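[1] sequence first, predicted model second:
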Amino acid sequence: MSNEIWLIALSAGITIFSLNLLAISLLSFLKYRNLKLLLMSLVFLLFFIRGLILSADVIAGKSVDFASIIYLWVFDLLILVFLYITSLKR
């Protein structure tokens, strides 16, 4: 039972952290109007969505099935692509 509590706390913490990073990057984009900051906001949005999916699975008590793993891999791939594109932008 205590492992479940730690897993819920960890997934919620990561989700809240990514939401904070999303808010900071969006505020920075609104201030500076830099395309890199917009792309970083998109990356943090994807991390936040991924965290929501993982948190929902943990809170629902479901074990992660193969479909969830595929969706999370797709999100990871999108995150990596956007980080790569952001690093190329000047």
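    Great, that's in hand.

[2] for this structure, just list every one of the helices.
    Along the chain, counting by DSSP state H, helices occupy 2-32, 35-60, 66-88.

[3] show me what the longest one packs onto, helices and strands only.
    Pointing back at helix 2-32 there. Secondary-structure packing of helix 2-32 (3 or more C-beta pairs under 8 Å, 6 or more residues apart in numbering; DSSP states H and E): helix 35-60. (Each C-beta comes from the backbone N, C-alpha and C, glycine too.)

[4] got the buried residues for the helix it packs on?
    Within helix 35-60, the residues that count as buried by 16 or more other C-beta atoms under 10 Å are 36-51, 53-55, 57-58.

[5] what's the spacing between the spatially most central residue of the chain and Leu26?
    Note on the chain: the residue nearest the mean C-alpha position is Phe47, at 0.8 Å, using C-alpha atoms, centre = their mean. Between Phe47 and Leu26 the distance is 13 Å, computed by C-beta to C-beta, to the nearest Å.

[6] quick one on the thing from earlier: export the helices of the chain as a markdown table, with columns for mean pLDDT.
    Shown next, in a markdown table, are those (pLDDT from 0 to 100):
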| stretch | mean pLDDT |
| --- | --- |
| helix 2-32 | 84 |
| helix 35-60 | 86 |
| helix 66-88 | 76 |
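
[7] my read: the residue nearest to the centre of the chain touches Ile79, true?
    Yes. With contacts counted by C-beta atoms under 8 Å, Phe47 reaches Ile79, the gap being 6.4 Å.

[8] so Thr26 touches Ser41, yeah?
    Just so we're on the same page, residue 26 is Leu rather than Thr. Yes. Contact criterion C-beta under 8 Å: Leu26 and Ser41 qualify, at 5.0 Å.

[9] between Phe47 and Ile79, what contacts are shared?
    Residues touching both Phe47 and Ile79 (C-beta atoms under 8 Å, 6 or more residues apart in numbering): there are none.
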